[in-house]
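1. I'll drop the sequence and a predicted model, then ask my questions.
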Amino acid sequence: MTDYRIYVIDDETVIRESIAMALADVYRIETFDAAEPAISAMETKPPDLVLLDIGLPGMDGIQALEEMQRRHPGLLTVMITAFEDLDTVIAAMRRGAYDYVVKPLRMDGLEATIRNALETIRLRKEVRSLQQQVLKDNIPCFIAHSDVIQDVMVFVGQVAQSPDTPVLIQGETGTGKELIASAIHYQSPNFQGPFLTINCAAIPTDLVESELFGYEKGAYSGAGAAGKRGLLEAAGGGTLFLDEVGDLSPNAQAKLLRFLEQGEFYRVGGTRKQIIETRVISATNKDLDLMIADGRFRKDLYFRLGVVKVKIPALNARTADILPLARHFLMEFADKFGKPVTGFTPAAEKALVAHRWTGNVRELKNVIERGMLVGSQPLLTPEDLELDRPAGKPAADAADAPAPFAPIPPEGMDLTALEKAMERFYLEAALKMAGGNESRAARLLHLNHHTFRYRRKKYLAAPP
Ligand SMILES: Nc1ncnc2c1ncn2[C@@H]1O[C@H](COP(=O)(O)OP(=O)(O)OP(=O)(O)O)[C@@H](O)[C@H]1O
């Protein structure tokens, strides 16, 4: 006997009894002589499959089918019809019936129809469980203890449900904007579609447009011979996350606005209109209002990108998250490095809460990673974490400290050259500290890997 429950709804006793007799050894059969009692029984004992006579007294088969579909969407129903009345059968199939059988019933034919229907149910269940697995594997582990971040997560869960609403995520660097964007994607109905990200700051201005929108062959010198689709197309049916959206070139801004308003765009050098459904989530840690005032960012684009705005507070504004996040990262790195570190000393916890996290969660994660590398006790100490700056106090009482830079000489100075030299110096220093590991060097400078790689290419020798 299988666990499948089948309702047989037919006013002819002989039909009900013959089906029950033929199938009762294999399935749980419940019989009804009218639709109404069957519909009420479904509330407490929902069937997997319904065999439903079309010509019922009272509510007829077609009405019953509609009512059942309304109350139990997706319920599989096989119609039983007295003769092959094409119109009625078509009406039933249009309303979502799975199949139909004609009286007088041939039991072997009916059994085959039932087996097919149940196989469909089994496959649907399998697909659902695979979907849930995908969700479980991909939903990022987002630590949210403070009330303010919990509210953000509830809001984000609601926003996720409408898959074409653009979302603008604002927050300082390292607050978790990309993580929130992926949480929106994986909670949305499009979670099976791709989630792609592009960091607009890490791509040279003249390339960002073709990266985003693709190009046709020969669109510009250096464009590949075959043309290429852009990330917007590649993310079709899913989500494109535009990080550092404030760095988009004016051309790219105009094209993106058109896409958001009309759902269409042209590849660079292309004449064929591309129509695509991709949700755009963007993020910035820049003050877009200021950029709009300076004429560097389009106001109309700002409004389109920010149909829904999500603001992520800085880590120091939600201290309740600091220790749960620190413990989460500690467990992650203990596992990764195979170290028997189990927590923090009380002094280390105090220092973690008191620290001024200008690099937010990313900085906290880096500090824990470094602490895990050097720490040798079961509990990490403030020395392991190298934390000595309390909140609100930038390095060694900045007010009293001597200015860290040389004064401007009377003849003036080349600020751009100085910036470049400084950037080169710190990129090299970070790589050295990180033993040549780019990802770690990027984290030391609170940059993401793409940005680091881009700047390294620009200022130092190209990475291997
Ligand atoms: N609430 C959180 N729970 C767990 N990990 C987090 C949380 N917030 C941030 N992180 C982790 O911190 C790091 C930085 O997060 P993320 O890259 O999402 O920040 P961001 O705001 O997009 O940064 P940027 O502005 O520099 O692009 C990532 O490793 C991310 O996994």
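-> Here it is on my side, so go on. Residues are numbered from 1 along each chain as shown.
2. Which residue is it, in the stretch 101-250 of the chain, that comes closest to the ligand?
-> Residue nearest to the ligand within the stretch 101-250 of the chain (Cβ to the nearest ligand atom): Gly176, separated by 2.7 Å. Quick note: C-beta positions are derived from backbone N, CA and C, even for glycine.
3. Who are the contact partners of that residue?
-> Going by Cβ atoms under 8 Å, 6 or more residues apart in numbering, Gly176 touches Phe142, Ile312, Asn360, Val361.
4. just Phe329 next, same as before
-> So Phe329 contacts Leu364, Lys365, Ile368, Glu369 (Cβ under 8 Å, 6+ apart).
5. same thing with Ile368?
-> Ala326, Phe329, Leu330, Phe333, Leu380, Leu385 are the contacts of Ile368 under Cβ under 8 Å, 6+ apart.
6. Recalculate using a threshold of 7 Å.
-> Ala326, Phe329, Leu330, Phe333 (Cβ atoms under 7 Å, 6 or more residues apart in numbering).
7. That one and Gln377: what is the separation?
-> Distance from Ile368 to Gln377, counting by Cβ to Cβ, to the nearest Å: 15 Å.
8. cool, and Asp10?
-> 75 Å.
9. Can you point out the buried residues in whichever helix or strand His450 is part of?
-> His450 is part of helix 449-459, with elements assigned from DSSP states H and E. For helix 449-459, burial by neighbour count (16 or more other Cβ atoms under 10 Å) applies to His450, Thr451, Phe452, Arg453, Tyr454, Arg455, Arg456.
10. just checking, what packs against it?
-> For helix 449-459, the helices and strands in contact under the criterion 3 or more Cβ pairs under 7 Å, 6 or more residues apart in numbering; DSSP states H and E are helix 415-433, helix 438-444.
11. by how many degrees do it and helix 415-433 diverge?
-> Angle of helix 449-459 versus helix 415-433, following axes from the mean of the first three to the mean of the last three Cα atoms, to 10 degrees, is 120 degrees.
12. Are helix 449-459 and the ligand in contact anywhere?
-> No - on the criterion Cβ under 6 Å from any ligand atom, helix 449-459 is out of touch with the ligand, staying 8.1 Å away.
13. that older thread, when Asp10 and Gln377 are compared, which one has more neighbours?
-> Using other Cβ atoms under 10 Å as the criterion, Asp10 and Gln377 rank with Asp10 on top: 25 against 11.
14. How about the more buried one: what's its closest non-neighbour residue?
-> Nearest non-adjacent residue to Asp10, counting by Cβ to Cβ, 6 or more residues apart in numbering: Asp53, 4.0 Å away.
15. Show me where the protein has its strands.
-> Assigned by DSSP state E, the chain shows strands spanning 5-9, 28-32, 49-53, 76-81, 99-102, 167-170, 195-199, 239-243, 264-266, 273-275, 279-284, 308-311, 343-344, 379-380.
16. Nearest to the ligand among these would be which one?
-> strand 239-243 (5.1 Å).
17. That closest one - which strands sit beside it in the sheet, and in what orientation?
-> Taking DSSP bridges as the criterion, strand 239-243 forms sheet pairs with strand 195-199 (parallel), strand 279-284 (parallel).
18. rewinding a little: now mean pLDDT too, for the strands of the chain, in TSV please.
-> Formatted as TSV, the strands of the chain follow (pLDDT from 0 to 100):
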stretch	mean pLDDT
strand 5-9	96
strand 28-32	95
strand 49-53	96
strand 76-81	94
strand 99-102	92
strand 167-170	95
strand 195-199	93
strand 239-243	96
strand 264-266	91
strand 273-275	88
strand 279-284	95
strand 308-311	94
strand 343-344	94
strand 379-380	94
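19. that older thread, nearest to Lys299 among the contacts of Gly176?
-> Nearest to Lys299 among these: Ile312, at 22.9 Å, using Cβ to Cβ.
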